[in-house]
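S.K.: Sequence first, then the predicted structure:
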Amino acid sequence: MSQTKFSIEAIISCDDRGQLVLPKDVRNNLGILPGDKLALLKCSSPDDAQNCLTIIKSSSLEVLVRDYLGPMLSDVVK
């Protein structure tokens, strides 16, 4: 089984308009450019007491969904 690397990249704040800012060094390290679309994914415990948010480039998410759902959909569409 592969190991997952976990690190805290930054501590960010939410302003009074609800906006979050990713620091420039984090954006640079992740290759996030102005205009890139990002998807915010939420994983919660059943009682919503614990939440985890993940940000992924929407282009990467499209590939993951296509690779995951593609084989199932090809069987349905026949």
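M.R.: Received, thanks. Being a predicted model, the structure only gives us computed values, none of them experimental.
S.K.: Show me what the longest helix along the chain packs onto, helices and strands only.
M.R.: The longest helix of the chain (DSSP state H) is helix 58-77. Packing contacts for helix 58-77, counted by 3 or more Cβ pairs under 8 Å, 6 or more residues apart in numbering; DSSP states H and E, involve strand 38-44. For the C-beta atoms, the positions are set from N, CA and C on the backbone; glycine is no exception.
S.K.: so how far is the strand it packs on from its chain's centroid?
M.R.: 6 Å (Cα atoms, centre = their mean, to the nearest Å).
S.K.: Also compute the angle for it relative to helix 58-77, please.
M.R.: Angle of strand 38-44 versus helix 58-77, following axes from the mean of the first three to the mean of the last three Cα atoms, to 10 degrees, is 70 degrees.
S.K.: Identify the residues contacting strand 38-44?
M.R.: Here strand 38-44 makes contact (Cβ atoms under 8 Å, 6 or more residues apart in numbering) with 32, 50-58, 61.
S.K.: Try it again at 10 Å.
M.R.: Identification of contacts with strand 38-44 by Cβ atoms under 10 Å, 6 or more residues apart in numbering yields 20, 22, 30, 32, 48, 50-62, 64.
S.K.: Given that strand, what are its sheet partners and their directions?
M.R.: Strand pairing for strand 38-44, determined by DSSP bridges: strand 51-57 (antiparallel).
S.K.: where does the strand it pairs with sit relative to the chain's centre, distance-wise?
M.R.: Centroid separation for strand 51-57 versus its chain: 4 Å, with Cα atoms, centre = their mean.
S.K.: do the same with stretch 21-30
M.R.: Centroid separation for stretch 21-30 versus its chain: 14 Å, with Cα atoms, centre = their mean.
S.K.: And stretch 10-20, by the same measure?
M.R.: Remark: stretch 10-20 is offset 17 Å from the chain centroid, using Cα atoms, centre = their mean.
S.K.: ends of that stretch, how far apart?
M.R.: One end of stretch 10-20 sits 12 Å from the other (Cα to Cα, to the nearest Å).
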